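Peer 1: Provide a 3D model corresponding to the input given below.
(2 chains)
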2 protein chains.
Amino acid sequence: MTQRITGVLSPVVTPFKADLSPDTERFVRQCKWLLANNVGLAVFGTNSEANSLAAGERMELLEKLVEAGVEPARMMPGTGCCALTDSVRLTAHAVKLGCAGALMLPPFYYKGVSDEGLYRNYAEIVERVGDARLRIYLYHIPQVTQVPISLALIERLLKAYPKSIAGTKDSSGDWNHTKATLDEFGKDGFDVFPGSETFLLAGLRNGGKGCISASANVNPAAIHKLYANWQSADADHLQAGLDKVRGVFQKYPMIPAMKRAIAHWSGHADWATVRPPLVEINAEQSKALIADLEQCGFTMPGLKG
Amino acid sequence: MTQRITGVLSPVVTPFKADLSPDTERFVRQCKWLLANNVGLAVFGTNSEANSLAAGERMELLEKLVEAGVEPARMMPGTGCCALTDSVRLTAHAVKLGCAGALMLPPFYYKGVSDEGLYRNYAEIVERVGDARLRIYLYHIPQVTQVPISLALIERLLKAYPKSIAGTKDSSGDWNHTKATLDEFGKDGFDVFPGSETFLLAGLRNGGKGCISASANVNPAAIHKLYANWQSADADHLQAGLDKVRGVFQKYPMIPAMKRAIAHWSGHADWATVRPPLVEINAEQSKALIADLEQCGFTMPGLKG
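Peer 2: A predicted model of the protein is given here:
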C-alpha cells in the first residue's frame, strides 16, 4: 500500500501561452520548484483553473509531468468532474500513473442535489476505477460548487469504502466545519487538509495532516516551515507571517494575482495569462500588488530561470 | 444562410441503460417522436443531464442522431462547457453537422466572474469556431449556473458578432427579465426563447420566438398547439391547460419525474434511469405522479413502441 500523502500541497497554477494553450515546459519547472520547496502537487485544483481545461488536456499535462520525472507519489490531481464518465476516466488515469491520491469535487452543475445522489457518484467512481491503490480526497468548497460534502456523506462513504475514501480538503473557510470534520473522522485514517494555510496551525493542533492552499503556489517555503515546526515555540509567529502574505494576495482576485507574482519573479510575462472566464489583474493592480509584496519582504527565490 | 430555428424546442431527456451508458436507439426514437409533434431538439440541455455526459459522449450521440436521419436544421444542441476548449470543440462539431444553432451555457465553475471574462469566453468561441454558419443562443439560467448573462453582456456581444449571436434562452423564470430582454434586443434579429412554456404566450405577445422547455419532453403536441394558435381567441385557455400539466410535474424533481412518465407511457422501464448526482423518484412518488397525470387526462400518444 502506498504511504499516505501529507504536508503542504499546492493547487498548482496552470501556465498558459499567449494562445491560451497550456505551457508544459513552464508547468514542469513550476512543479519541480514547488517540490524543491517541500510542497506537494495538488495539480488541477480550483486555483489551477482545472475546470477551464478539457479532460484530455488534464491527462496530457499529467503524463508530461511524470515523463519529466515529477514524482507521482507527491501528486494529488483533481479528478472530480460534472460527468461521472469524466471523473472515472481522470481518476483511473491518475491511479494508473501512480498518483498518491485524487482530489474530487462533487458534480457541481445541479444545485440542491441529495446526499444519496452524491453518494452514488462517489460509489460509482470507486467501483468503476476498481483499483486497490485508489485514494479519494473529498473536496468541500461549497462557496464555489454550491454542493457541500456533508459529514453524513463522509460517514456513509467511509463505512462503504474505508480504504478508498482517504480524506478531505475543506476549503469552506469555516473553521467550525473543519474542526467538526477533524473531531468526527480525523482519527479513523481519514486525513483532513484545511483548504488554506490560515488554518494550518489550528488544523495540525487538532489532528490535521497539512493543508492544500492556493498561496502554497507563491509562498511554499514559509508555509512548509510552519508545517515542519508546528510544535515549536515559534509556531504562532510563523502563522502570523503566513497570514500577512496571504492577506496581500487576497486584496486582489487570487488566481490572477498569484500568476502575476509568478510572472514578476520568474521573469516570464506569459505566466500572467488566465483562461476565460477569469481575467488578468490590470497594470495598476499589478504594480500595487508587487509593491505591497516587496514591502513585506516577499520574494520567490529560485523561481527565475 | 440557414433559416433561424423557431417554435417550441425540447431539451431532450437523455435515455440511459441500466449501466448508465446512453441508449442511442431510444434517444433517436424520442427525438423522432418530438419532431413528429412539431417540437425541435435542444438536445444536451439542463434537462438532458448534458453536464453529466463527457464531451465525447455528447458528440457521439449527436452523430448518431444525424446518421439516423434526424434533421440537424431542427437541432440546437447545448455546447457551453466550463472549459473553453470543450466549448469550442462541441460547438465546431455541431456547426459542421449542420445544426441550426448552439445553446451555450457560460462557464459555470467560478462564481462572481466579470462580464469581461464572459465576453472573452464567447468571443474566443466565435473566433475559434470561425464558421459563418455559427448561431449562438446565450443560455441564462442563473439559479443553476450562478453565472447570469447580463443585458450589458448581450449588448456587447451583439455589437461585436451580430451574425453569430443569434438569441437567448431565458430560464431565469423571471418574466421581468425576459420582458426586458425582449424589449431591448427582440427587434434586432436576436431571438428570445423563454425557458418554459409558462411564458410561451406572454413571450409571443412580446416578440418571442417560441420556448425551450423541459415539459416539451412530455407534453409536446399541446405546447406546439399554443405556439401555432397564439393569436386565436382560445390562446389563454390553451396556456392554462399547459400550466396545469406542468404544475403536476413540478410537484416532483422535474427531470426524474419526466423520465418516469416517459418510462410509463413508452413501456420502457429503463427510461427512469438518471445519472448521479440525480436520483430517480421513488415508487410511491411514481405512483402518485402517474395518478395525478391520468386525472388531468394526460397521455403521451405515439410514444409506445
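Peer 1: which regions of chain A sit below the pLDDT cut-off?
Peer 2: Low-confidence segments of chain A (pLDDT under 70): A:1-2, A:305.
Peer 1: Get me the contact residues on it for chain B.
Peer 2: A:20, A:46, A:51-55, A:57, A:82-86, A:89, A:106-111, A:113-114, A:116-118, A:120-121, A:124, A:143-144, A:146-147, A:275-279 (Cβ under 8 Å from any Cβ of the partner chain). C-beta: built from backbone N, CA, C; applies to glycine.
Peer 1: Mind checking which of the residues you listed are buried?
Peer 2: Buried members of the residues of chain A next to chain B, counted by 16 or more other Cβ atoms under 10 Å in any protein chain shown: A:20, A:46, A:51-55, A:57, A:82-86, A:89, A:106-110, A:113, A:117-118, A:120-121, A:124, A:144, A:146-147, A:275-279.
Peer 1: can you give me phi and psi for the closest residue to A:Asn37 other than its chain neighbours?
Peer 2: Among residues not flanking A:Asn37 along the chain, A:Pro220 sits closest, at 3.7 Å (Cβ to Cβ, 6 or more residues apart in numbering or on different chains). For A:Pro220, the backbone dihedrals are phi -60, psi -50 (criterion: degrees, to the nearest 10).
Peer 1: Was I right to think A:Pro220 contacts A:Lys32?
Peer 2: No. Taking contacts as Cβ atoms under 8 Å, A:Pro220 lies outside contact range of A:Lys32: 11.8 Å.
Peer 1: Please identify which of these two sits among more neighbours.
Peer 2: A side-by-side neighbour count of A:Pro220 and A:Lys32, using other Cβ atoms under 10 Å in any protein chain shown, places A:Pro220 first with 23 against 16.
Peer 1: how close does that one sit to B:Gln250?
Peer 2: Separation of A:Pro220 from B:Gln250 (Cβ to Cβ, to the nearest Å): 51 Å.
Peer 1: now the strands: where do they sit in the stretch 151-300 of chain A?
Peer 2: A:165-170, A:191-194, A:210-212 (DSSP state E, counting those that start in this stretch).
Peer 1: Can you say which of those is nearest to A:Met75?
Peer 2: Closest of the strands of the stretch 151-300 of chain A to A:Met75 is strand A:210-212, at 11.9 Å (criterion: Cβ to Cβ).
Peer 1: what lines up beside the closest one in the sheet?
Peer 2: Using DSSP bridges, strand A:210-212 pairs in its sheet with strand A:7-10 (parallel).
Peer 1: residues in contact with the strand it pairs with?
Peer 2: By Cβ atoms under 8 Å, 6 or more residues apart in numbering or on different chains, the residues outside strand A:7-10 that reach it are A:34, A:38-42, A:76, A:193, A:197, A:200, A:209-214, A:216-217, A:220, A:223-224, A:227.
Peer 1: tell me how far that strand is from the chain's mean position?
Peer 2: In terms of Cα atoms, centre = their mean, to the nearest Å, the centre of strand A:7-10 is found 8 Å from the chain centre.
Peer 1: so after that strand, what's the next helix or strand?
Peer 2: Next helix or strand after strand A:7-10 toward the C-terminus (DSSP states H and E): helix A:24-36.
Peer 1: what distance separates that next one from the middle of the whole chain?
Peer 2: Worked out by Cα atoms, centre = their mean, helix A:24-36 lies 15 Å from the chain centre.
Peer 1: Using PDB, write out every CA atom in it.
Peer 2: The C-alpha coordinates for helix A:24-36 follow below in PDB (Å, rounded to 0.1, in the frame of the first residue of the first chain):
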ATOM      1  CA  THR A  24       4.100  22.100 -20.500                       C
ATOM      2  CA  GLU A  25       7.600  23.300 -20.000                       C
ATOM      3  CA  ARG A  26       6.800  26.000 -17.500                       C
ATOM      4  CA  PHE A  27       4.400  23.700 -15.800                       C
ATOM      5  CA  VAL A  28       7.100  21.100 -15.200                       C
ATOM      6  CA  ARG A  29       9.500  23.800 -14.000                       C
ATOM      7  CA  GLN A  30       6.900  25.200 -11.600                       C
ATOM      8  CA  CYS A  31       6.100  21.700 -10.200                       C
ATOM      9  CA  LYS A  32       9.800  21.000  -9.600                       C
ATOM     10  CA  TRP A  33      10.300  24.300  -7.900                       C
ATOM     11  CA  LEU A  34       7.400  23.500  -5.600                       C
ATOM     12  CA  LEU A  35       8.800  20.100  -4.800                       C
ATOM     13  CA  ALA A  36      12.200  21.600  -4.100                       C
END
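Peer 1: and that helix, which residues are buried?
Peer 2: The neighbour-count check on helix A:24-36 (16+ other Cβ under 10 Å) flags A:24, A:26-35 as buried.
Peer 1: Return the member of these nearest to chain B.
Peer 2: Proximity of the buried residues of helix A:24-36 to chain B (Cβ to the nearest Cβ) peaks at A:Thr24, which lies at 15.1 Å.
Peer 1: ok, which stretches of the stretch 51-200 of chain A are helices?
Peer 2: With DSSP state H, counting those that start in this stretch, the ranges of helices along the stretch 51-200 of chain A come out as A:55-67, A:84-96, A:115-129, A:142-145, A:151-160, A:175-185, A:200-205.
Peer 1: got the contact list for the fifth one?
Peer 2: Contacts of helix A:151-160 from elsewhere in the structure, counted by Cβ under 8 Å, 6+ apart, are A:115, A:118-119, A:122-123, A:138, A:165, A:168, A:180-181, A:184-185, A:188, A:190.
Peer 1: Contacts made by stretch A:50-68 with the rest, please.
Peer 2: Outside stretch A:50-68, the residues that touch it by Cβ under 8 Å, 6+ apart are A:14, A:22, A:24, A:27-28, A:31-32, A:41, A:43-44, A:72, A:75, A:77-78, A:81, A:86, A:89-90, A:93-94, A:97-99, A:275-278, B:54-55, B:82-86, B:89, B:107, B:109-110.
Peer 1: go again using 6 Å as the cut-off
Peer 2: For stretch A:50-68, the external contacting residues (Cβ atoms under 6 Å, 6 or more residues apart in numbering or on different chains) are A:22, A:24, A:28, A:31, A:44, A:72, A:77-78, A:86, A:90, A:93, A:97, A:275, B:82-83, B:85-86, B:109.
Peer 1: Could you do stretch A:168-179 as well?
Peer 2: A:103, A:137-142, A:181, A:192-195, A:199, A:212.
Peer 1: try it again with 8 Å
Peer 2: Contacts for stretch A:168-179 (Cβ under 8 Å, 6+ apart): A:42, A:46, A:103, A:137-144, A:148-149, A:154, A:181, A:185, A:190-196, A:198-199, A:202-203, A:206, A:208, A:212.
Peer 1: how deep is A:Asp234 tucked in, by neighbour count?
Peer 2: Neighbour tally, A:Asp234, other Cβ under 10 Å: 13.
Peer 1: I misspoke; the intended subject was A:Asp236.
Peer 2: Residues within reach of A:Asp236, counting by other Cβ under 10 Å, total 12.
Peer 1: Touching, it and A:Leu201? I think so.
Peer 2: Yes. In this structure, A:Asp236 is within contact of A:Leu201 by Cβ under 8 Å, at 7.0 Å.
Peer 1: who are the neighbours in contact with the closest residue to A:Leu242 other than its chain neighbours?
Peer 2: Using Cβ to Cβ, 6+ apart and skipping the chain neighbours, the partner closest in space to A:Leu242 is A:Glu197 (5.0 Å). Taking Cβ under 8 Å, 6+ apart, we find A:Glu197 in contact with A:8, A:211, A:213, A:215-216, A:219, A:223, A:226, A:242, A:246.
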